[in-house]
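> just coords:
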């Protein structure tokens, strides 16, 4: 029986951000649909609405012209909407079969018969009696898919399914998805990988800033046209003046940066080489999850990789920890404000003391010099216009923008030669974003350098002097930003190549 | 925040109510039984001294554990560190069994602290350099140290004039903690516990080490980002914790016991985990908590005498305290929502 899923005028507003703005889409079984968009385009919110995790503020969902009320994931299941999330929901220590039987409603014998039928039909080779922790990421995903198939779904939603898969596993997945499609299951495929859209899907809907900007047949699209739609024409670049003469000194140089991880949710980095000049901002673009986390931690010294060479101001610093790197006048602003860069349960002055550089005298002879830390904190609060002057305030009471100002202030008040920041304006309002952008430009004007790792292409084009793109742990060639167009960035971020 | 320090009181009240219900089911008058349990033991001076005597090791160990727990290191083996500290301290005391001298007791105490420290270093080193789980290792080591003590008191260290009883010689008076009052068992070890409270408050709140412990406990990611030396800190907190447990062990054998035998501790090392959490890992909270939990030990003994119920009811009360503490924490910080699910809804 044909399935017809219709989303009508869905809106969802979060404080300070419109996640879905009047989204209407129509899907019919027999086709594979792609939902494409950058981070924060609203894909995830839409999927959460379809799977009942989030309720929309407005709008309706129709399945075969029946108005669905999806107020919990259970409702989605009842209406035969299956969902495979990017992160698996499996009990690692239980066997595959035990995982499948947890929410099954039939007895174990008949369940086993049905599971075996599915395994045979789709050529899945999984041993049902081994613990899940022994499976590869691809096999775990198959277990999740089997779990959906057991409920004979009408709609199957896959959220970024290939992010943890190898090339081989990705191919296998595509074959299975096409089979499901032939059997009349409606498939919605969420991704930001352009090539996958073109090779797998029949129709593609592109989202940007909460809106559907285009719906088209993939046969009419190319990597470039999709990239353009995804990233958008970013007009009126308020670019800073580029004040880099070619013969400035290289202050920071990375050679042979390799990183290998056993964790399938981490990205391996493959031979990154780059350098930063004095007063320059090097932008590193990319969709999140392509190795930015790992890169930031290696640059800050939280992860030490063997055989990497990092030269900073003519000294080899690859083996130093973050505190030691700070002594050489590096500063770091991580992406995660509330569980890494600062601790919400700590008071403002205690968070300031986290950047404990040698000349600070925050801790003398092992004792806390509270007076000194508080004086220093007061100065940060006023210099970086944080909207409080109470250093005893717990940081959890600061807004995101003010917390980020505090963190940047803490890192910058030591006048570092190089600031490495990762998504510094993530989740902030326009006022705070502008303030932080101005601050970052000011640093470059003072002949200090910055490395800006960001998933926001607009921000990168505005602030960077040179830009490279990281994709699956590999860095593209580094381009002067006047040669970079949003389209080029989009192609590189989606795994395409440019000449 | 105020609630955070208030929940221990709720837990204690619930424990008393729960105890009353249990006594009622057992056929006792709950009010009477609770009076025997919580009032009678401390209604005279001797009882009060016994309370302090039992609270001393609990307080000492819990103070040490608070360093570990605050920094996210789960040292469950204080009982083993206590035992090993007692073995090392007791060994030194036995060396001097027929000698007198003011220097002997300090030597015994220091040996005990070092013993506990070394024993705590085992899980710490295995954790930092071989990535083992400190909960398992420290717990297993409890049984190692208990069996070692067993072997020593039965074998090489057993009292030659002791008719093969599993115990060592009596320590000489120079190895014994001075008694504070004539006729009461409370001894100078209580000052060690009080000193530990003061010192731990200073270290936790006024030093760089304390700051690192605090940050690591709240967010390991932040500690890494700030460049704290994580491994050194793990070793240090385990050493502090082990030293405190070792001191507690030495306090017992040089205080009320006066020799080594099999039963030197009624699981003080495990019960102190409850004390540490009931005291909210706060040095002064721990003093209060150690008194409350010590009372359950005493109450159990009185109850055995007057009500003819086994003294293991003490453990029932300790268990209930922890249970109610965890439950009230959980219910305070989470919202409970009752879903009306019909089993059939899951089927389709």
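Everything's here; your move. A quick note: this is a predicted structure, and the numbers were derived from the prediction, not measured. Numbering: from 1, shown residues only, chains lettered A, B, ... in the order given.
> my read: residue A:71 touches residue A:55, true?
Yes. Here residue A:71 reaches residue A:55: they are 5.9 Å apart, a contact under C-beta atoms under 8 Å. (Glycine included, C-beta is placed from N, CA and C.)
> what is in contact with these two at once?
Common neighbours of residue A:71 and residue A:55, using C-beta atoms under 8 Å, 6 or more residues apart in numbering or on different chains, do not exist here.
> Geometric centre of chain A: which residue is closest?
Residue closest to the mean C-alpha point of chain A, counted by C-alpha atoms, centre = their mean, is residue A:288 at 2.9 Å.
> Please, which helix or strand holds that residue?
Residue A:288 belongs to no helix or strand when assigned by DSSP states H and E.
> Same check on residue A:467?
strand A:466-471.
> Give the partner strands of that strand in its sheet and their orientations.
Strand pairing for strand A:466-471, determined by DSSP bridges: strand A:281-285 (parallel), strand A:474-475 (antiparallel), strand A:479-480 (antiparallel).
> Now distance to residue A:156 too, for these, in a markdown table please.
Output for the strands paired with strand A:466-471, formatted as a markdown table (distance: least, C-beta to C-beta, whole Å):
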| stretch | distance to residue A:156 |
| --- | --- |
| strand A:281-285 | 32 |
| strand A:474-475 | 31 |
| strand A:479-480 | 39 |
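> Just put these in a markdown table and tack on mean neighbour count, distance to residue A:359 and mean pLDDT.
Output for the strands paired with strand A:466-471, formatted as a markdown table (neighbours: other C-beta atoms under 10 Å in any protein chain shown; distance: least, C-beta to C-beta, whole Å; pLDDT from 0 to 100):
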| stretch | mean neighbour count | distance to residue A:359 | mean pLDDT |
| --- | --- | --- | --- |
| strand A:281-285 | 27 | 26 | 94 |
| strand A:474-475 | 19 | 35 | 93 |
| strand A:479-480 | 16 | 37 | 92 |
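> In the chain, where is pLDDT below threshold?
You didn't pick a chain, so chain A it is. Within chain A, the segments meeting pLDDT under 70 span A:1, A:15-17, A:233-247, A:499.
> not quite, I wanted chain B
Looking at chain B by pLDDT under 70, you get B:1, B:333-337, B:339-348.
> Residues of the stretch 201-350 of chain A that sit close to chain B?
With the criterion set to C-beta under 8 Å from any C-beta of the partner chain, the stretch 201-350 of chain A comes near chain B through A:300-302, A:321-326, A:332, A:334, A:336, A:339-343, A:345-346, A:350.
> how about 7 Å then?
In this structure, the stretch 201-350 of chain A approaches chain B at residues A:300-302, A:321-324, A:334, A:339-341, A:343, A:345-346, judged by C-beta under 7 Å from any C-beta of the partner chain.
> For these, which single residue is the most surrounded?
Highest neighbour count within these: residue A:341, with 29 neighbours (other C-beta atoms under 10 Å in any protein chain shown).
> Please identify which residue in the stretch 1-150 of chain A comes closest to chain B.
residue A:105 (4.5 Å; C-beta to the nearest C-beta).
> And for the stretch 151-300 of chain A?
residue A:300 (6.9 Å).
> Find the helix or strand that the closest residue to that residue other than its chain neighbours is a member of.
The shortest distance from residue A:300 to any non-neighbouring residue, by C-beta to C-beta, 6 or more residues apart in numbering or on different chains, is to residue A:332 (4.4 Å). Assessed by DSSP H and E, residue A:332 sits inside strand A:330-333.
> What's the first helix or strand after that strand?
helix A:348-352.
> outside of whatever helix or strand comes next after that following helix, which residues touch it?
Counting by DSSP H and E, the element after helix A:348-352 in chain order, helix or strand, is strand A:363-364. Applying C-beta atoms under 7 Å, 6 or more residues apart in numbering or on different chains, the external contacts of strand A:363-364 come out as A:356, A:369, B:208.
> thinking again about what came up before, tell me how many other residues crowd the residue of the stretch 1-150 of chain A closest to chain B.
Using other C-beta under 10 Å: residue A:105 sits among 13 other residues.
> Would you mind pulling up the elements that whichever strand or helix holds residue A:181 packs against?
In this assignment (DSSP H and E), residue A:181 forms part of helix A:167-182. With contacts taken as 3 or more C-beta pairs under 7 Å, 6 or more residues apart in numbering or on different chains; DSSP states H and E, helix A:167-182 sits against strand A:186-191.
> Just checking: what are the partner strands of the strand it packs on?
Per DSSP bridges, strand A:186-191 is paired in its sheet with strand A:32-36 (parallel), strand A:155-159 (parallel).
> Which one of the strands paired with strand A:466-471 lies nearest to residue B:52?
strand A:281-285 (63.1 Å; C-beta to C-beta).
> can you give me the strands in the stretch 101-250 of chain A?
A:155-159, A:186-191, A:203-208, A:211-217, A:250-259 (DSSP state E, counting those that start in this stretch).
> Alright, that wraps it up for me.
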